[in-house]
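Trainee: let's see this in three dimensions:
(one chain, ligands or ions: 1)
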Amino acid sequence: MTSTADGTGLDAVGTDIVGTDDVSLERELDQLLAVERFDPPPDFVSRWYRPADAAAAAADPPAFWAEQARTLLDWDTPFTTVLDDSNPPFYRWFTDGRLNVSANCLDRHVAAGRGDKVAIHWVGEEGERRRVTYSDLLADTQRLANGLKELGVGKGDVVGIFLPMIPEVAVAMLACARIGAVHNVVFGGFAPSAVRERMEVSDAKVLITVDGARRKGRTAPVKEAVDAELGDLKALEHIVVVRSTGIAAPIREGRDVWYHELLERADPVAPPEPLDAEHPLFILYSSGSTAKPKGILHTTGGYLTGATYTHRLVFDLDADSDVYWCSADVGWITGHSYIVYGPLSNGATSVMFEGAPDYPDRDIWWKIIEECKVTIFYTAPTAIRTCIKWGPQYPGRHDLSSLRLLGTVGEPINPKAWLWYHKVIGGGRCPIVDTWWQTETGAILISPLPGVTSTKPGSATTPLPGIFPALLSEDGQPVTEGTGVLVITKPWPSMLRTLYRDDERYVQTYFSRFGRDVYVVGDAARLDADGYFWIIGRIDDVINVSGHRLSTAEVESAIVSHELVAEAAVVAQSDEQTGQAIVAFVTLTGNQSGDDATIAELREHVATRIGKLARPKRVIWADDLPKTRSGKIMRRLLRDIAEGRELGDVTTLRDPDVVAALAGKVAQADADE
Ligand code: WT7
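Mentor: Residues are numbered from 1 along each chain as shown. This next block holds a predicted model:
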C-alpha cells in the first residue's frame with residue numbers, strides 16, 4: 001500500500017496540473033492510481049469532529065442523537081422521549097418535542113442578527129445575480145405561508161412543488177414547513193405526466209409551479225404543459241404560478257393565482273407553527289422495483305437533526321466564512337437536505353445555479369466558483385466524468401484557489417474520476433468526501449470526515465458517528481471482509497418513517513428480508529480489511545443513470561404503452577459517462593421490425609411519459625425475449641447480454657436460440673457506436 005505524507009500525492013508526482021497538456025495529465029493520473037490511500041492533509045483540522053463523539057455514539061446511540069438534536073436545533077417544546085422503538089420498523093424520534101423547521105432555518109438566524117447575511121446567492125443562466133438574505137427569505141416565506149392558508153392549505157395537506165432552480169423553490173418548501181403542510185417536490189426535468197401521477201397519488205391540494213423554465217438559452221412553457229396534464233385533477237384546488245421567465249401562462253380564474261399577487265396581498269407576519277417532531281415534513285417520490293413510485297416520507301425533528309448535523313460535520317462548515325455550492329437539483333433528496341434544509345439550518349451562504357454546466361460555455365461552473373469564491377463544492381461523479389471528457393482547459397481558465405473541500409454523491413466514483421477531481425479541481429489540496437446515502441436515509445450515512453479520515457479513491461470509507469451499517473451474506477450471516485448486502489442495523493433520526501399511505505410496502509421493501517429491525521438498503525457493497533465500505537451498486541431492479549434512480553418496471557411500462565410495442569424488457573448497461581445506461585429490448589406487434597425512426601419515436605415516447613432522463617440509450621429489436629418455460633422474462637440473461645458477458649445458466653430457457661440472436665445484435669450495436 002502506498003500513501004503520501006501530506007495526503008495529496010503531490011510530492012510523488014509533481015505539482016503543476018492545471019494548464020498542462022492532456023498527455024502529461026493523463027500520465028500523472030495514471031501514476032496516482034497507484035496511490036491507494038490519501039491521508040488527511042495535516043493542516044486541515046476538522047471544526048466539529050471530536051473523537052469523544054464517536055465513542056459516545058457507539059456507547060449509546062440514542063443519547064448521542066438526543067445531544068445533537070438539542071444542541072443543533074431550537075425546540076418550542078423540548079423532548080423527553082428520545083426514541084420510541086416499541087413497534088419496529090415504525091420508529092419514532094423525539095416524540096414529545098415540538099419545533100418548526102422554517103423557524104430553525106430562518107427566524108433564529110435573523111433573531112441572532114444575521115438577517116442581512118446572504119442565504120442564497122442565485123446565479124441565473126444568462127449571468128443574472130440575486131442575493132437573497134435570510135431576512136428576504138423569511139419575509140417571503142411568511143407571506144407565502146399566509147397565502148397558502150388563504151388558499152385553504154392546512155396542517156397535513158399536501159402541496160406539490162414543480163419549479164426550476166430559482167430561490168422561490170426554497171421559499172415554497174419553507175412556507176409549507178412553516179404551517180405544517182407536507183411538500184411533494186417533483187424534479188423539474190420530469191414530464192408533466194409524471195407530475196400528474198405524483199400529485200394524484202398524494203392528493204395534492206395545491207401545486208406551486210412556474211410560467212416557464214429556461215434551459216440553455218431557450219424558454220419552455222411550463223404552466224401550459226401542466227394545465228394540459230393536470231387540468232382535470234379533482235383534488236387539486238389551486239395552482240400558484242411564479243412569474244419567472246415572462247413567457248405567456250394561462251391563468252384560470254378562480255383556480256390559479258400568481259405567486260407575486262398572492263404574496264403582495266398576504267399578511268407579512270406568519271408565526272411558525274410549533275409541530276410535533278414526528279409531523280410529516282415532506283414526501284419525495286423515488287423509483288423502486290415496481291412501476292409505482294414510492295412516496296418516501298420524512299418527518300420534522302429527526303430529519304432536520306440529520307440534515308443539520310451531517311451538513312456541518314461532513315462539509316466542515318464554517319457558516320461565517322464558507323461559500324457552499326451543491327450542484328444538484330432541489331427536486332432530488334440531495335437538494336432537499338444539502339441545498340435547502342442542511343445549509344439553511346446551519347446559517348450557511350449557498351450558491352444556487354439555475355442552468356446547465358455547458359451553457360453559455362463548458363466553463364460556467366468554474367467561472368461561478370471563481371466569481372463567488374466558492375469554498376465547498378458538492379457534485380456527482382457523472383458530472384465529473386463529463387468534465388473529464390470536455391478536458392482540463394475549461395477549469396484551467398479559472399482561479400479555483402478558493403476551494404477547500406470537495407464532495408461527491410449519487411453513485412460509486414471510479415478512482416480515475418476521483419483523482420481528476422482531486423488534482424484538476426481541488427489542486428491536490430482539497431479533501432474529497434464521497435458521501436453515500438439515499439432518499440430513504442434523509443442524510444449522509446457513510447462518508448469520510450475531512451481532516452479525520454484517510455480516503456481511498458472509490459470508497460465512501462466509514463460510517464458517521466451514530467450510524468451502524470453492516471454487510472450480510474445472502475443467508476443473513478455477517479460478512480466482516482468481502483462482499484455482501486448492505487444493511488443498517490440500528491435506527492437513525494433522519495430515516496424515512498414509511499411510504500406514504502403504504503405501510504405494508506414500507507415493511508415489505510426495507511424490513512422483511514432480515515427481520516423487522518434490519519434496514520435493507522438495496523445496495524451490494526464490499527468491506528475491506530480496514531473496515532472501509534465500497535459501494536458496488538443496486539441489487540434490485542433499479543437503474544442508476546447519472547445518479548438518478550429509475551425503475552426498470554417504470555421504463556418498461558412507458559415503452560409498452562406505445563401502440564406499436566408488444567413487449568419490452570429494460571436492463572442496465574455500464575456506461576463510461578452516466579455510470580449506467582438504459583438498454584431496452586423491444587418486441588413490436590404483428591411481427592413488425594423496427595427502424596431508426598421507430599427508435600427515435602420510442603425514446604421520445606418515454607421522454608413524454610417519464611422525462612428525458614429515462615430515455616433508453618439503446619433500443620434492441622427482439623423477435624422474442626428470453627423466457628422461462630413458465631413465461632417469465634429472464635432479466636439476468638438480458639443483463640449479461642447488455643454487458644457482453646458470458647451468459648449464465650440458460651438451461652431453464654424455453655428457447656435457448658433467442659439469447660444468441662440478441663447477443664449478436666448488442667455486439668453489433670456496440671461495434672457501430
Ligand atoms: C442510491 C440512492 C443520496 C442522494 C443521491 C441519490 C447510490 C448514492 C453513493 C455513493 C455509491 C451511491 C446507491 C444508493 N449512491 N451515493 N457515494 N457511492 N453509490 O439518492 O436516488 O435515493 O439513490 O444511489 O446505490 O442506494 P437516491
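Trainee: how about the contacts made by the closest residue to P280 other than its chain neighbours?
Mentor: Once flanking residues are discounted, P280 sits nearest to V182: 4.7 Å by C-beta to C-beta, 6 or more residues apart in numbering. Every residue, glycine included, has its C-beta placed from N, CA and C. Counting by C-beta atoms under 8 Å, 6 or more residues apart in numbering, V182 touches 156-159, 176, 280-283.
Trainee: next, count neighbours for the nearest residue to T589 once chain neighbours are set aside.
Mentor: Nearest non-adjacent residue to T589, counting by C-beta to C-beta, 6+ apart: A566, 4.6 Å away. A566 has 14 neighbouring residues, counting by other C-beta atoms under 10 Å.
Trainee: could you export the helix or strand A566 falls within as PDB, CA atoms only?
Mentor: Assigned by DSSP states H and E, A566 belongs to strand 565-575. Extracted C-alpha coordinates of strand 565-575, given in PDB (Å, rounded to 0.1, in the frame of the first residue of the first chain):
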ATOM      1  CA  VAL A 565     -45.000  -2.300 -28.800                       C
ATOM      2  CA  ALA A 566     -45.900  -5.800 -27.800                       C
ATOM      3  CA  GLU A 567     -43.400  -6.400 -25.100                       C
ATOM      4  CA  ALA A 568     -40.300  -4.800 -23.600                       C
ATOM      5  CA  ALA A 569     -37.600  -5.600 -21.100                       C
ATOM      6  CA  VAL A 570     -35.300  -3.000 -19.700                       C
ATOM      7  CA  VAL A 571     -31.800  -3.600 -18.100                       C
ATOM      8  CA  ALA A 572     -28.800  -1.600 -17.300                       C
ATOM      9  CA  GLN A 573     -25.500  -1.500 -19.200                       C
ATOM     10  CA  SER A 574     -22.400   0.100 -17.800                       C
ATOM     11  CA  ASP A 575     -21.600   3.400 -19.300                       C
END
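Trainee: adjacent strands (with direction) for it?
Mentor: Using DSSP bridges, strand 565-575 pairs in its sheet with strand 579-588 (antiparallel).
Trainee: coming back round to it: residues touching the residue nearest to T589, list them.
Mentor: Contacts of A566 by C-beta under 8 Å, 6+ apart are 560, 587-589.
Trainee: so how far is V583 from it?
Mentor: 18 Å (C-beta to C-beta, to the nearest Å).
Trainee: and what of G407?
Mentor: Noted for G407: a distance of 30 Å to V583, by C-beta to C-beta.
Trainee: which residue packs closest to the residue of the stretch 551-673 of the chain found nearest the ligand, ignoring adjacent ones?
Mentor: Residue nearest to the ligand within the stretch 551-673 of the chain (C-beta to the nearest ligand atom): G579, separated by 8.9 Å. What sits nearest to G579 in space, not counting adjacent residues and going by C-beta to C-beta, 6+ apart, is E411, at 4.5 Å.
Trainee: got it, and N414?
Mentor: Nearest one to N414, counting by C-beta to C-beta, 6+ apart, is G458 at 6.5 Å.
Trainee: doesn't the one you found lie inside a helix?
Mentor: No. Counting by DSSP: H, G, I helix; E, B strand; the rest coil, G458 is not part of a helix but coil.
Trainee: just confirm it contacts K416, I think it does.
Mentor: No. At 9.3 Å, G458 does not count as touching K416 under the criterion of C-beta atoms under 8 Å.
Trainee: name the residues of the stretch 301-450 of the chain found near the ligand, please.
Mentor: 333-334, 409-412, 434-439 (C-beta under 6 Å from any ligand atom).
Trainee: what's the closest of these to R214?
Mentor: Nearest to R214 among these, counting by C-beta to C-beta, is T334 at 21.6 Å.
Trainee: wait, isn't the closest one in contact with C326?
Mentor: Yes. Between T334 and C326 there is a contact at 6.5 Å, judged by C-beta under 8 Å.
Trainee: right, is the strand holding A566 up against the ligand?
Mentor: No. Strand 565-575 is not in contact with the ligand by C-beta under 6 Å from any ligand atom; minimum separation 11.7 Å.
Trainee: which parts of that strand are buried?
Mentor: Across strand 565-575, burial judged by 16 or more other C-beta atoms under 10 Å covers 565, 567-573, 575.
Trainee: now stretch 218-229
Mentor: For stretch 218-229, the neighbour count (16+ other C-beta under 10 Å) marks 221-223, 225-227, 229 as buried.
Trainee: what is the rounded mean pLDDT of it?
Mentor: Here stretch 218-229 scores 96 as its mean pLDDT.
Trainee: likewise for stretch 435-447?
Mentor: What stretch 435-447 shows for mean pLDDT is 98.
Trainee: isn't H562 up against E604?
Mentor: No. H562 is not in contact with E604 according to C-beta under 8 Å; the separation is 9.8 Å.
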